[in-house]
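Visitor: Sharing a model that was predicted from the sequence below.
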Amino acid sequence: MAFLLSTHLAERSEPAGFSKPDPKGCTMQSPLSIALNIIWFVLGGFVVGTLWLLAAGVLALSVIGAPLAPGVFRIGLHAYWPFGFEVVPRSLIEPGTDKLGSGAWGLTANLVWFFAAGLWLGALHLLAAVASCVTLIGIPAGVAHFKLGIAAFAPVGKVVVPKGLAEEARRRIYEEAMRGRQVTQVK
């Protein structure tokens, strides 16, 4: 399990100024994110991540689900250690790319996933989010469950990145949109 988590964290890219990789290539996180992730893992994150990996394994056994399995596996590993990272559309991080998750193929793949496992995983995450938010201490776990529940409905075309990278990409897109708007107003 530790190998899977370290490999998963090593595959995540980090933005400039957000974190520094250690010698093994793992992304360094803030102490608060580490503490929340440890609490998450002990109090149910292990079960949540295992359900995601089980869904990825079932998909990998079928011809139709095999192309979906790697993406679901990545989000499953994210479910073990969710704090400090976000699940975002691939187009946010890699603008202009036409990869799995976009167009008719992405829609079809997400529909197959939704009916195969997404509906059940999403519903379980949303129920866990409501149950977690009952107590003040459980609110961070509830927010994490809510985000994973949204990802569970349509995971194809999504990537897991550090929060800093997601914020940087959103800021870049906003600035480009504002520059385009200024050019349009000047004409």
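Guide: Okay, I see it.

Visitor: Tell me which residues of stretch 47-60 come out buried.
Guide: Within stretch 47-60, the residues that count as buried by 16 or more other CB atoms under 10 Å are 48-49, 51-53, 55-56, 59. The C-beta positions use only the backbone N, C-alpha and C, and glycine is treated the same way.

Visitor: Sitting in strands, which of those residues do you find?
Guide: Within the buried residues of stretch 47-60, no residue falls in strands by DSSP state E.

Visitor: Quick one: mean pLDDT over the helix or strand containing residue 178.
Guide: Taking DSSP states H and E as the definition, one finds residue 178 inside helix 163-186. Over the span of helix 163-186, the pLDDT mean works out to 78.

Visitor: on that earlier part again, can you lay out the buried residues of stretch 47-60 as JSON lines showing distance to residue 83?
Guide: Formatted as JSON lines, those follow (distance: CB to CB, whole Å):
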{"residue": "48", "distance to residue 83": "13"}
{"residue": "49", "distance to residue 83": "13"}
{"residue": "51", "distance to residue 83": "18"}
{"residue": "52", "distance to residue 83": "16"}
{"residue": "53", "distance to residue 83": "19"}
{"residue": "55", "distance to residue 83": "22"}
{"residue": "56", "distance to residue 83": "21"}
{"residue": "59", "distance to residue 83": "26"}
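
Visitor: now, among those, which is nearest to residue 70?
Guide: The closest of these to residue 70 turns out to be residue 56 (CB to CB; 7.8 Å).
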